[in-house]
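Novice: need coordinates for the following:
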Amino acid sequence: MLVYNATKQQFIDDVRANVIADAIENEVSRKLSRNSPRNEVASWENSLRFMMSVLLDEGIPASAGVAIEYNIPLTNRRVDFILTGKNDQREDSAVIIELKQWQTAEVTMKDAIVRTWLNGGMREKPHPSYQAWSYGALIEDYNETVRKDSIRLVPCAYLHNMKQGDAINDPFYANHTSRAPVFISPDALKLSRFLSQHIKYGDSSDIMYRIEHGVIKPSKNLADALSSMMQGNAEFLMIDEQKLVYETAVDLAHKASNGKKQCLIVKGGPGTGKSVVAINLLVELTNREMMTQYVSRNSAPREVFKKRLTGTRKKTHIDNLFKGSGSYVSAEPDTFHALIVDEAHRLNEKSGMYQNLGESQIKEIISASRFSIFFIDEAQRVTLKDVGTVEEVKRRADECDAEVHELELSSQFRCNGSDGYLAWLDHSLQVRTTANTDLDDIDYEFKVFDDPSELRKVILEKNRKANKARMVAGYCWPWASKKDKHAMDIVFPEYDFAAQWNLDDDGMLWAIADGSAEQVGCIHTCQGLEFDYVGVIIGDDFVIRDGRVVTDVAKRAGQDRSVHGYKKMLKEQPEHARAVADQIVKNTYRTLMTRGQKGCYLYATDRETREYFAAFANLQASLEHAELTQEAEALDGLHLPIVTREEAAPFERHVPVYDLNIAAGGFSEMQIADTNHWVELPDHIRVSPDLFVSRVVGESMNRRIPNGAWCLFRANPGGTRQGKVVVVQHRAIEDPDHGGSFTVKLYQSEKVEEYGAFVNQRIVLKPQTNAFGYKDIVLEDELEDLKVIGEFLSVL
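Specialist: Numbers count the residues shown, from 1 in each chain. Alright, predicted model coming up:
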């Protein structure tokens, strides 16, 4: 998603007219469904004025592209500023510019981490050069179009308020500043020269459009990449807070080895990379010969990770890396250098089958290690016995005389990187009130089914591709098949639906087992894991009544241990018991509905509940229809029958509609296949495979072609072009109307005789206009590179 896109000249005009911040703010509100805080608007106003001054350099072409606030695919990270065009080798290039308001910086001893003054104090932040480089690396990694089309990505950073750059350019950061140079306030002219070196010619090939609409590579799954990660390969690029958490943890682990016990609390919602950072730390600290273990209360992620590592190293070694949270009841103090606790919100007070061993799992972990790190999302506490809160960790750390540090992860990598979906989910489940009251402009597939059999059919179809789609449900049905292998657990006879809970044979490996897509998982077998698509069945423990959520843990199956003890609590503290139980039910479905990286499909046993969620899904479908309508409006003025590629009779009754900018790149079967708009020509025009329709924009030909007119062209015409109106392309052309390397003009050539043949000596492309300021385009060099793309036939 892109918030602002224009030419350099248009950007400069918008800044000079004092409308740039308003334009961006409006687009943020429209596309991201959120209001921009005043400090964010002020940063646009400030930074973009500095960027305007930099771009005033005449060496940067007026038709270069400017993109602001580009959302990196599959994440919630946005690039501040991108300048696009062609370098001196005529290669497509995009310069990624990370803008900072910082005035000061201090060197740290952590890789790619600096200290700067923010929000009233000195804060540690990723170095801007690392940030710019990592954003470029992410775009290249995710976007197949960037790689296939060899679009050169050039990262840099501009700290326009900083006067002194010794710290930000300290040799300690040379590895990062060499990949992405950093410019400060006195370097404005240097930045201009840097940009003009990489963007020498205008953006004549819609680089940002191609990047924004490029083919996106499927996102990686942690379990699949685990074996490679354990061998030291960087499968996941850590960005922003992830890098800060990682480097801080490594630093604290070393401090704790020779000094006071250290404890780091890392807060983060679903998909923010908690487990990715945890596994990276396990690998790094182990490689540094620190005795380190990965710890989790829930056994499902541990068992999946172990299974993925089977065959790569000894079983004893694997088992020694991954441990349950109850493993430290009898551990001697400071036995381990580091214990990394994932899903720490699931920690229990005590250990053992009957939870009667030890004093506190949190205290035992902190006591057993010099350094402990707890990854926590309190909104994923899903049982009455979950005690993993930030405050509880702090309290136990104090008892162990450990120094406590807190950080937070916010970079979103699940749910297609959509913060909007997560905020909407909180709103719809009534966990908290958010501004995301609908699914407008949310790039995540959410569907509601009236028939669970249809939901299962879709999940099984999605699962055929990579075994990464599963059905899950609230624990509202008894597990009859645990004793009777032939019994069905979740049964809806009116829909001919019957399914078993995850097979006991698969145990905690249900999430990756072959054939397990037929079964239904619960919170205990999927928490801490992720799929491509998840189908969620909401039971009677969560219903909507008159628009309000009503939860009832009494509707849970008797075998569900997550609410064990509720009846006793209800007698002793009724209000507290209801509040806690309500939170558990909501947290359960919030967790289940965020397991899918690409989409969530929903069925609710209660009809009113289905209708409640379907209203959001139907709104999303209406919005998608509105987008198609808006797309059709882009063909405004084309008064001919318009059909899609699937509906067309190509070159029998219909011809394609091209953007002239795209057509100027040459025609191919792939382009024709990718063209979704086809028009039926009038009866008096004979249809042939070389015809196409396009819009001509500008006043340079207004005596024959009005500005914005839809015209019929013949592609790749043969014969003489003398005196004809044609679409031509040449590297030396920069059209005054659109800045592209192609133009629509009257063609005239001057020929000379060489070796008995006439060859072009000079080509003149003449405007036919009554508008002021248009001149002949004269070409005398490299005439063999001139391409005649199409011949103008008529205005439609």
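Novice: quick one: low-confidence parts of the stretch 501-650 of the chain?
Specialist: For the stretch 501-650 of the chain, applying pLDDT under 70 flags the ranges 618-634.
Novice: what are the ranges of the helices in it?
Specialist: Secondary structure of the stretch 501-650 of the chain (DSSP state H, counting those that start in this stretch): helices at 523-526, 566-572, 574-592, 607-633.
Novice: most tightly surrounded among those?
Specialist: helix 523-526 (a mean of 23; mean count of other Cβ atoms under 10 Å). For glycine as for every other residue, the C-beta is placed from the backbone atoms N, C-alpha and C.
Novice: now residue 60, what's its secondary structure?
Specialist: coil (DSSP: H, G, I helix; E, B strand; the rest coil).
Novice: can you give me phi and psi for the closest residue to it other than its chain neighbours?
Specialist: Take residue 60 and drop its neighbours on the chain: the residue closest to it by Cβ to Cβ, 6 or more residues apart in numbering is residue 196, 5.1 Å away. When read as degrees, to the nearest 10, the backbone of residue 196 gives phi -70, psi -30.
Novice: ok, residue 606 next?
Specialist: Backbone geometry at residue 606, expressed as degrees, to the nearest 10, gives phi -90, psi 130.
Novice: and for it, nearest residue in space, chain neighbours not counted?
Specialist: residue 543 (4.4 Å).
Novice: also residue 462?
Specialist: Spatially, and ignoring its direct neighbours in sequence, residue 462 is nearest to residue 469 (3.9 Å; Cβ to Cβ, 6+ apart).
Novice: please tell me how far that neighbour sits from residue 530.
Specialist: Relative to residue 530, residue 469 is positioned 11 Å away (criterion: Cβ to Cβ, to the nearest Å).
Novice: likewise for residue 770?
Specialist: Taking Cβ to Cβ, one finds residue 770 at 62 Å from residue 530.
Novice: which SSE is immediately downstream of the helix or strand bottoming out on mean pLDDT in the chain?
Specialist: Every helix and strand in the chain was compared by mean pLDDT, DSSP states H and E; the lowest is helix 669-674, with a mean of 41. Downstream of helix 669-674, the next assigned helix or strand under DSSP states H and E is strand 678-680.
Novice: next helix or strand past that next one?
Specialist: With DSSP H and E, the next secondary element past strand 678-680 is strand 691-696.
Novice: list the helices and strands that next one packs on?
Specialist: strand 654-658, helix 660-663, strand 709-715, strand 787-795 (3 or more Cβ pairs under 8 Å, 6 or more residues apart in numbering; DSSP states H and E).
Novice: residue 149 and residue 206 touch, don't they?
Specialist: No. Using Cβ atoms under 8 Å as the test, residue 149 is too far from residue 206 to be in contact (11.1 Å).
Novice: on that earlier part again, among the helices and strands packed on strand 691-696, which is nearest residue 185?
Specialist: helix 660-663 (37.1 Å; Cβ to Cβ).
Novice: any idea of the mean pLDDT for that closest one?
Specialist: Helix 660-663 carries an average pLDDT of 59.
Novice: stretch 287-305 too?
Specialist: Mean predicted confidence for stretch 287-305 is 89.
Novice: quick check: domain ranges of the chain?
Specialist: If you go by automatic domain parsing, the domain ranges for the chain are 2-212, 222-409, 418-620, 642-795.
Novice: now the longest strand seen in the chain, how far from the chain's geometric center?
Specialist: In the chain, with assignment by DSSP state E, the single longest strand is strand 742-754. Offset of strand 742-754 from its chain centre (Cα atoms, centre = their mean, to the nearest Å): 48 Å.
Novice: how about residues contacting that strand?
Specialist: Under the criterion Cβ atoms under 8 Å, 6 or more residues apart in numbering, residues 204, 660-661, 664, 696, 700-701, 705, 721-729, 733, 735, 737, 758-768, 777, 788-789, 792 lie in contact with strand 742-754.
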